[in-house]
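[1] Here is my input, please return the structure:
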Amino acid sequence: MINIPVQPHIYNASAVEVITQSLTKTQLVYNFNNNNLEAKPTFFENNFIPEHWSVLSQTVKYDAQEIKIKNGTNTAVITVSYEISGSKIGSSTQFKLERLKHAMIGNDQTKLHWLFTLD
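    Coordinates of the predicted model:
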C-alpha cells in the first residue's frame, strides 16, 4: 500500500503510479500483468471507495464510472476506468469481454485508473 491519505483498496496490482496528489485531488494508476488469475482490475475484493466514505450515487458511462461519495460534510467524486490496449472502459462487464478478446492475441497488460476529486 502507498502512503496516501485517501485511496482505494486494490489487490494484486504489479505497480501503482501516483499521477497527482494534493489536498483536493488524488490520481492513481494501477498496473496489472496478469501473472495470476486474481491480478486484474476487476478482482472482486477491489474496493474503489476510501475508508470512512459512503456512496451517494454511481453512474457508468462508456469510458468511465463516476461515484459520488460522502464523509461527514465532505463530498467527493471518484472516477474509475479500466484500460486495455490504450482504450478506457467504464463498465466492468464490457472490460471483461475486451480482456478476453485481447488475451487471445496475447495482450494481457491492463490498468485501473482511479481519480478522487474533493468537491
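
[2] which parts of stretch 68-78 are buried?
    Neighbour-count burial for stretch 68-78, counted by 16 or more other CB atoms under 10 Å, picks out Ile69, Ala76, Val77, Ile78. In short, each C-beta sits where N, CA and C put it, glycine included.

[3] Now tabulate those residues in CSV and tack on pLDDT and secondary structure.
    What follows is the buried residues of stretch 68-78, written out as CSV (pLDDT from 0 to 100; DSSP: H, G, I helix; E, B strand; the rest coil):
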residue, pLDDT, secondary structure
Ile69, 98, strand
Ala76, 97, strand
Val77, 98, strand
Ile78, 98, strand
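
[4] From those residues, pick the one nearest Ser14.
    The closest of those to Ser14 turns out to be Ile78 (CB to CB; 22.1 Å).

[5] contacting residues around that closest one?
    By CB atoms under 8 Å, 6 or more residues apart in numbering, the contact set of Ile78 is Pro8, Phe48, Ile49, Glu66, Ile67, Ile69, Trp114, Leu115, Phe116, Thr117.

[6] neighbours around the spatially closest residue to it that is not a sequence neighbour, how many?
    Using CB to CB, 6 or more residues apart in numbering and skipping the chain neighbours, the partner closest in space to Ile78 is Ile67 (4.4 Å). Neighbour count of Ile67, defined by other CB atoms under 10 Å: 19.
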